[in-house]
Each structure stands twice: as C-alpha cells, then as structure tokens.
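In: Sequence and predicted structure below; questions after.
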Amino acid sequence: MYEEPVLLEKIEKLSPQKITESVFEKVQTFFFLSIIISWSCWMLLLASAKGVIPFQFDVTGNVPGFLLYAGAMTGMWLAAVFLREPGKGLALAELRPMFAVLGNWKKNLHWYPVAILVPLVAELLAPTAYSIAGGSVHGFNPASPDWLQVAALLGLGIHFSIALMIAGPGYLLPMLDKADIGRQKASFIATLITLAWLFPLIMLVVIQHMSSGTGAYMIETVPLALMLFWLYYTARV
C-alpha cells in the first residue's frame with residue numbers, strides 16, 4: 001500500500017514529457033551560460049575593433065587578444081563542464097566514436113580528407129560566395145590564394161571543428177537525444193544555438209574583413225549550419 005506512490009513517482013519521473021521538460025531546462029541553462037562566457041570575451045574584441053575602448057586587442061597580434069579569443073572559443077566547453085553531472089567526465093565521452101573513426105585509419109583512410117576539408121570548405125564558402133557576388137573581402141582572393149593563408153585557414157578549420165565538436169555533440173546533442181525529438185530536430189536546435197553563440201565572431205570578421213555586415217552574416221549561417229550537421233552525423237558512425 002505504501003509502495004504505490006513511490007512507484008507512481010518513479011513512472012512520472014521517467015515519463016517522456018518530464019524528460020523533455022528537464023532536457024530543455026538544461027539546454028536553456030547551457031545556452032545562457034555559454035553566451036555569458038563567450039560573449040564577454042567577444043564584446044571586448046568587438047569594442048577594440050570598433051575603437052570604442054582605448055585598448056587594442058588583436059587575436060593574432062598580441063597575447064591579451066589571443067587569450068580573449070581562446071576564452072570565447074572555449075565558452076561552450078566551459079559551460080558544459082560546469083553543468084556536467086559528477087562522474088560524467090569533461091563532456092568528451094560522446095567524442096569517442098569520432099576519434100575511433102580517426103584512429104581506424106586502415107579501414108577509414110578516405111575519412112581523413114573529408115574530416116579536414118569539409119569544415120575548411122564551410123569556412124571558405126562564405127567569403128568566396130560574398131566575393132563572387134561582388135562584395136569586398138579584404139585580404140581574400142579565391143582566384144589567386146596565398147598558400148600561407150590557406151595553411152592558416154586549414155589549421156583554424158581543424159581547431160574550429162574540434163571546438164564545436166566538444167560543445168555540440170560532446171554535450172548538447174546527446175542531451176537533446178534524451179528528449180526523443182529526433183536527430184534532425186536536435187541538430188537544428190543545436191545549430192541555432194551555435195549560430196547565436198558565434199554571432200559576435202562573425203561580426204568581428206565582418207568588421208575587420210568585409211564591407212557589408214548583414215549580407216556576410218546571412219551567407220555565413222548556411223555553411224556553419226551544414227558543418228555542425230555533418231560533424232554530428234560523422235561522430236555517430
């Protein structure tokens with residue numbers, strides 16, 4: 001007689017509606033926490049680029065600028081670490097399938113160029129399309145590329161992909177999976193969150209390298225969204 005309320009309570013806790021509500025509460029907390037951490041760094045970089053503050057922060061030109069960039073790029077991961085349940089690690093467990101694919105080079109040799117080039121293409125697509133459309137992209141000429149610049153972009157692409165992987169499929173997407181809303185919907189929600197998280201970075205690139213902010217941002221959202229989708233599906237092979 002006394003076990004029935006306990007049993008009903010357990011069933012209620014395991015009901016899909018309760019699980020979904022709990023998941024989205026955690027997702028909202030993760031979103032706002034990652035925004036606070038990253039945007040506090042991005043805003044200083046943006047203010048410096050616009051001359052609003054007397055300090056000069058350059059991502060590649062001085063140590064404070066690089067540290068602000070590093071803090072901004074790891075904002076999602078730090079938020080995941082803060083919100084991770086005790087004993088669950090540092091939001092890296094879900095990356096093991098991806099690293100397993102990378103390590104199994106004998107069977108998946110073709111995967112390496114895809115893993116490297118897809119994120120790079122996603123990054124280059126926006127300025128290339130903007131340049132073809134007649135926009136001014138300072139320092140970027142797809143017709144005669146600077147190979148040193150290409151190498152730098154390649155390294156940035158790999159780092160950018162890992163940063164997204166740790167925060168996205170490493171924490172956010174597995175949590176959304178628990179809500180049983182489907183992989184495509186989960187990826188779409190994670191993409192929107194990531195685009196909002198990256199908005200100051202895109203604006204920083206626009207201010208420093210592109211003449212039209214709105215047009216460049218609209219072009220940038222497409223490859224970034226595709227990149228996140230691709231990374232998620234690849235990690236689950």
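Out: Looks like it came in fine.

In: all contacts plus neighbour counts: C-alpha atoms, from now on.
Out: Will do.

In: and the helix ranked longest in the chain, what does it pack onto?
Out: What stands out as the longest helix in the chain, according to DSSP state H, is helix 16-49. Packing partners of helix 16-49 (3 or more Cα pairs under 8 Å, 6 or more residues apart in numbering; DSSP states H and E): helix 63-73, helix 75-83, helix 173-178, helix 183-209.

In: Of the ones you listed, which stretch is the most buried?
Out: With neighbours taken as mean count of other Cα atoms under 10 Å, the helices and strands packed on helix 16-49 reach their highest mean count in helix 75-83, at a mean of 22.

In: Next, the angle helix 183-209 makes with that one.
Out: If you take axes from the mean of the first three to the mean of the last three Cα atoms, to 10 degrees, helix 75-83 sits at 130 degrees to helix 183-209.

In: Now for the closest residue to Pro200 other than its chain neighbours, how many residues are close by?
Out: The spatially closest residue to Pro200, leaving aside those adjacent along the chain, is Trp42, at 5.9 Å (Cα to Cα, 6 or more residues apart in numbering). For Trp42, the neighbour count with other Cα atoms under 10 Å is 26.

In: who touches Trp42 in this structure?
Out: Counting by Cα atoms under 8 Å, 6 or more residues apart in numbering, Trp42 touches Leu68, Tyr69, Ala72, Pro200, Leu201.

In: Which of those sits closest to Ser15?
Out: Checking these against Ser15 by Cα to Cα gives Ala72 as the nearest, at 36.9 Å.

In: separation between the closest residue in space to the closest one that isn't next to it in sequence and Leu192?
Out: Distances taken as Cα to Cα, 6+ apart put Ser38 closest to Ala72, at 4.0 Å, once the chain neighbours are dropped. Ser38 sits 16 Å away from Leu192, taking Cα to Cα, to the nearest Å as the criterion.

In: Double-check Ala47 against Ile53; I have them as touching.
Out: Yes - applying Cα atoms under 8 Å as the test, Ala47 and Ile53 come out as touching, 5.9 Å apart.

In: These two: who's more crowded?
Out: Comparing Ala47 with Ile53 by other Cα under 10 Å, the one with more neighbours is Ala47, at 16 against 13.

In: List the contacts of that one.
Out: Ile53.

In: go on, Ser38?
Out: Gly71, Ala72, Met73, Thr74, Gly75, Met76, Trp197.

In: Contact partners for the residue nearest to the last one when sequence neighbours are not counted?
Out: Distances taken as Cα to Cα, 6+ apart put Ile35 closest to Trp197, at 5.8 Å, once the chain neighbours are dropped. Under the criterion of Cα under 8 Å, 6+ apart, the contact partners of Ile35 comprise Gly75, Met76, Trp197.

In: The second one contacts Ser34, doesn't it?
Out: Yes - because the distance of 4.8 Å satisfies Cα under 8 Å, Met76 is recorded as touching Ser34.

In: Need the residues touching each of the two.
Out: In contact with both Met76 and Ser34: no residue, using Cα under 8 Å, 6+ apart.

In: Got the confidence number for the residue nearest to Trp197?
Out: pLDDT recorded at Ile35 is 87.

In: Please tell me how far the residue nearest to Ala72 sits from Asp177.
Out: 25 Å.

In: just checking, Ser187 touches Pro174?
Out: No - at 10.1 Å, Ser187 and Pro174 do not qualify as touching, with contact defined as Cα under 8 Å.
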